[in-house]
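S.K.: this one's structure only:
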């Protein structure tokens, strides 16, 4: 017994709740101390690392964007435009030149003009395309812009007018020749196809 007759008090036990509270506070205090102990050099190092990561991400983004653009351009050229267009080469039209004999009967003529030669050459080519063989061409006297075609195997000649397209005139002559054959007419003096949509024969 203690002095004065009082019984000694039993020691007070710590409660679990108090123990947890103490531990939590201790943990927080240690963390705060660690944060305070971080040096300036470590902060600078971390900053540099962050900046480096940002630069790497930026460069990677640029490379990815460039790659996508290159692939898109290649796909457009390959699938949409197809093969590269051929180099442009202007088409040079070679004027038709007659290969048959051309006889100019006009006494006042100063010679066959280049236009007349080209017309005769083109009409000759049109006749050959339809299966006829021109043998000679005559520019008769006393006429204006008329040419007469003589065909192999035909007794007469074909009168053409140089102001009409050769293709149309030759087709009209072909229709007239076939019509005469169907009618059993094998000889004629001439076939005149100088007027549009009309044809005459003698």
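M.R.: Structure received. Since the model is a prediction, treat every value here as computed from it, not as a measurement. Residues are numbered from 1 along each chain as shown.

S.K.: Please name the residues that touch residue 114.
M.R.: residue 95 (C-beta atoms under 8 Å, 6 or more residues apart in numbering). For every residue, glycine as well, the C-beta is placed using N, CA and C.

S.K.: Next one: it from residue 160, what distance?
M.R.: Going from residue 114 to residue 160 by C-beta to C-beta, to the nearest Å gives 17 Å.

S.K.: Same check on residue 187?
M.R.: Distance from residue 187 to residue 160, by C-beta to C-beta: 20 Å.

S.K.: So between the two, which is more surrounded?
M.R.: For residue 187 and residue 160, the more surrounded residue by other C-beta atoms under 10 Å is residue 160, and the numbers stand at 27 against 8.

S.K.: For my notes, confirm that one occurs in a strand.
M.R.: Yes - Residue 160: assigned to a strand according to DSSP: H, G, I helix; E, B strand; the rest coil.

S.K.: Tell me the predicted confidence for it.
M.R.: Looking at residue 160, its pLDDT stands at 96.

S.K.: likewise residue 142?
M.R.: 82.

S.K.: Ok, residue 81 next?
M.R.: For residue 81, the pLDDT comes out at 58.

S.K.: One more: residue 77?
M.R.: 71.

S.K.: Checking it next. Helix, strand or coil?
M.R.: helix.

S.K.: Contact partners for residue 192?
M.R.: So residue 192 contacts 159, 199, 200, 201, 202 (C-beta under 8 Å, 6+ apart).

S.K.: which residue sits closest to the first one, ignoring its sequence neighbours?
M.R.: The one in question is residue 159. Using C-beta to C-beta, 6 or more residues apart in numbering and skipping the chain neighbours, the partner closest in space to residue 159 is residue 192 (4.5 Å).
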